[in-house]
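A.B. asks: Predicted model, plus sequence, below.
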2 protein chains.
Amino acid sequence: MVSMERIWKDQLYKEFARIGKCLSSPKRLELLDLLSQGPKSVDQLVKLTGMSVANVSQHLQTLHESRLVRSHRQGNFVIYEIAGLSVADFMVSLHRLSEKQLVEVQKLKTEILQNHLSMEPIALEKLLERMERGEVVLLDVRPQDEYETGHIPGAISMPMEDLEKHLASLPTDKEIVAYCRGPYCLMSAQAVEILISKGIKASRLEEGLIEWKRYMEQSNIQSQP
Amino acid sequence: MVSMERIWKDQLYKEFARIGKCLSSPKRLELLDLLSQGPKSVDQLVKLTGMSVANVSQHLQTLHESRLVRSHRQGNFVIYEIAGLSVADFMVSLHRLSEKQLVEVQKLKTEILQNHLSMEPIALEKLLERMERGEVVLLDVRPQDEYETGHIPGAISMPMEDLEKHLASLPTDKEIVAYCRGPYCLMSAQAVEILISKGIKASRLEEGLIEWKRYMEQSNIQSQP
DNA sequence: TAACTATTCAATAAATTAATTGAATAGTTG
DNA sequence: CAACTATTCAATTAATTTATTGAATAGTTA
């Protein structure tokens, strides 16, 4: 005989597992990360991930069924967005846990950033100090629409594709720091490579907007009486 | 041609998805929740979940491969435990997200706790106030080994199976509050039912030890200058 | 070392999931 | 309303996963 409690628990854990199932496909995780940066059309996501249209759409469907994303139409496009900030926040939790538990993630990160692109990221805390003292210019090298959705205060929008064109407009007396979507996005590293190759002093901020928000929430709480 | 960046991202997200895959099975989530309360032998887990031995063992294997649990032998038993507090914490994040996004979870929770067991939980904040004033006795109704692994300070261990025997030893001048493994464990609710049926004033704390810890971390941070 | 127990392995069948393709649909613009 | 585009649906195949069983293994105690 199966108890009422057993049935209830089975139903409950089945629901939790619905969220889990969404997180079991690499492609879906990538879509969630991209959508965490701001709303995007299916078409944009196709270009960003290199997947087929039908494939992207299907994954978005799955995410929609578990209420992790929502959508609305805008002209010819259907725009998808995450269903709330808690989703983006949860993704950061997942990244952190993965990085903590899985040596493989640590390896992958170190390999490409230290051995290949060879640069140490600047600590968020240090950046904020130096920005306050006016020693640093912070560049947001993501596409402009993501910058407009939200950015670290004080940052200047400088999408990757515009970078080389606008090199001249950068201040020469300050150090440049570039950031992008977060620890697993390589745009900021590539930007720093370009800057350094042009003889401009630059470094990379590993954190993205979401990680910055988390950090600020914690230190805001701390600075309250 | 597939870029180096694309390959790297695919590898990275594949790793994240390893964690996700662990979370895609209801039974594995239940095992993780149980292990969050303290180390347990495979045998104990079999009894707690009603699954077959081979099944439990297989799921534990999967969790082990993703470094979410670890194990060691103790006499005839192999004891499993979560691989770090961040795992338990992540489970709470998953519960919170699920509850926020999935109406179904909200429903399941309300149904059994309000319609069937009919009781409103006491807020954690209120409990702590009343405990300080000495108005309340807090009972930990989980098995004793879980209490010994860790418990809310000031709580008295009173495992479910001992409850009816030890009713007499409870103070009669104070209100009783019972807690257990957390929001999705029914032991505390059952304990309160028993107490009320004996004419003792009692209520349920929804939070478990892990949720209490989270709450305290936040308010500890807040109370620092 | 023998007996015992707990744990893991291996094999199976059922079920679910992922990726792909081409066609159908819905919505927008001129 | 016609042409156009973006999106979704449906069907297929391949691959993975789950649950279950019984047997094998490993470790402990007497």
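C.D. replies: Yep, that arrived.
A.B. asks: so the spatially most central residue of chain A, which of the three states?
C.D. replies: With distances taken as Cα atoms, centre = their mean, residue A:181 lies nearest the centre of chain A, 3.6 Å away. Taking DSSP: H, G, I helix; E, B strand; the rest coil as the rule, one finds residue A:181 in the coil state.
A.B. asks: So which residues of chain A form strands?
C.D. replies: For chain A, the strands defined by DSSP state E occupy A:40-41, A:69-74, A:77-82, A:136-140, A:156-157, A:175-179, A:202-204.
A.B. asks: State the distance from residue A:136 to chain B.
C.D. replies: Distance, residue A:136 to chain B, using Cβ to the nearest Cβ, to the nearest Å: 27 Å. C-beta coordinates here come from the backbone N, C-alpha and C atoms, glycine included.
A.B. asks: Residue A:163 versus that residue, what's the distance?
C.D. replies: To residue A:163, residue A:136 is 17 Å away according to Cβ to Cβ, to the nearest Å.
A.B. asks: do residue A:146 as well
C.D. replies: Distance of residue A:146 to residue A:163, computed by Cβ to Cβ: 15 Å.
A.B. asks: Of the two, which one has the most company?
C.D. replies: Legend: neighbour count by other Cβ atoms under 10 Å in any protein chain shown for residue A:146 and residue A:163, higher for residue A:146 (23 against 19).
A.B. asks: can you pull the contacts of that one?
C.D. replies: A:37, A:38, A:181 (Cβ atoms under 8 Å, 6 or more residues apart in numbering or on different chains).
A.B. asks: Domain map for chain A?
C.D. replies: Per automatic domain parsing, the structural domains of chain A span A:4-88, A:118-223.
A.B. asks: Show the contacting residues for residue A:203.
C.D. replies: Contact analysis of residue A:203 by Cβ under 8 Å, 6+ apart lists A:119, A:120, A:121, A:122, A:175, A:176, A:177, A:178, A:192.
A.B. asks: same question, residue A:120
C.D. replies: Applying Cβ under 8 Å, 6+ apart, the residues contacting residue A:120 are A:114, A:203.
A.B. asks: Retrieve the pLDDT associated with it.
C.D. replies: Looking at residue A:120, its pLDDT reads 82.
A.B. asks: Then residue A:221?
C.D. replies: Per the predicted model, pLDDT is 57 at residue A:221.
A.B. asks: what does residue A:95 give?
C.D. replies: The model's pLDDT for residue A:95 equals 94.
A.B. asks: Show me the contact partners of the worst-scoring helix or strand of chain A on mean pLDDT.
C.D. replies: Of the helices and strands making up chain A, the lowest-confidence element is helix A:209-223, at a mean of 81, by mean pLDDT, DSSP states H and E. With contact meaning Cβ under 8 Å, 6+ apart, helix A:209-223 is reached by A:36-37, A:88-89, A:91-92, A:124, A:150-152, A:182-183, A:207, B:218, B:221-222, B:224.
A.B. asks: got it, and stretch A:100-114?
C.D. replies: A:98-99, A:119-121, A:183-184, A:186, A:189, B:8, B:11-12, B:15-16, B:18-19, B:66-68, B:83-84, B:86-87.
A.B. asks: Just those residues: which are in helices?
C.D. replies: In helices, judged by DSSP state H, the following of the contacts of stretch A:100-114 are found: A:98, A:99, A:189, B:8, B:11, B:12, B:15, B:16, B:18, B:19, B:86, B:87.
A.B. asks: gap between the first one and DNA strand D?
C.D. replies: For residue A:98, the distance to DNA strand D equals 16 Å [Cβ to the nearest atom of the strand, to the nearest Å].
A.B. asks: Looks like that residue contacts residue B:15 (just checking).
C.D. replies: Yes. With contact defined as Cβ atoms under 8 Å, residue A:98 reaches residue B:15; the gap is 6.2 Å.
A.B. asks: residues from chain A in reach of DNA strand C?
C.D. replies: A:21, A:24-27, A:51-52, A:54-55, A:58-59, A:62, A:73, A:75-76 (Cβ under 7 Å from any atom of the strand).
A.B. asks: and if we set it to 10 Å?
C.D. replies: Chain A comes close to DNA strand C at residues A:17-18, A:20-28, A:50-59, A:62, A:72-78, as judged by Cβ under 10 Å from any atom of the strand.
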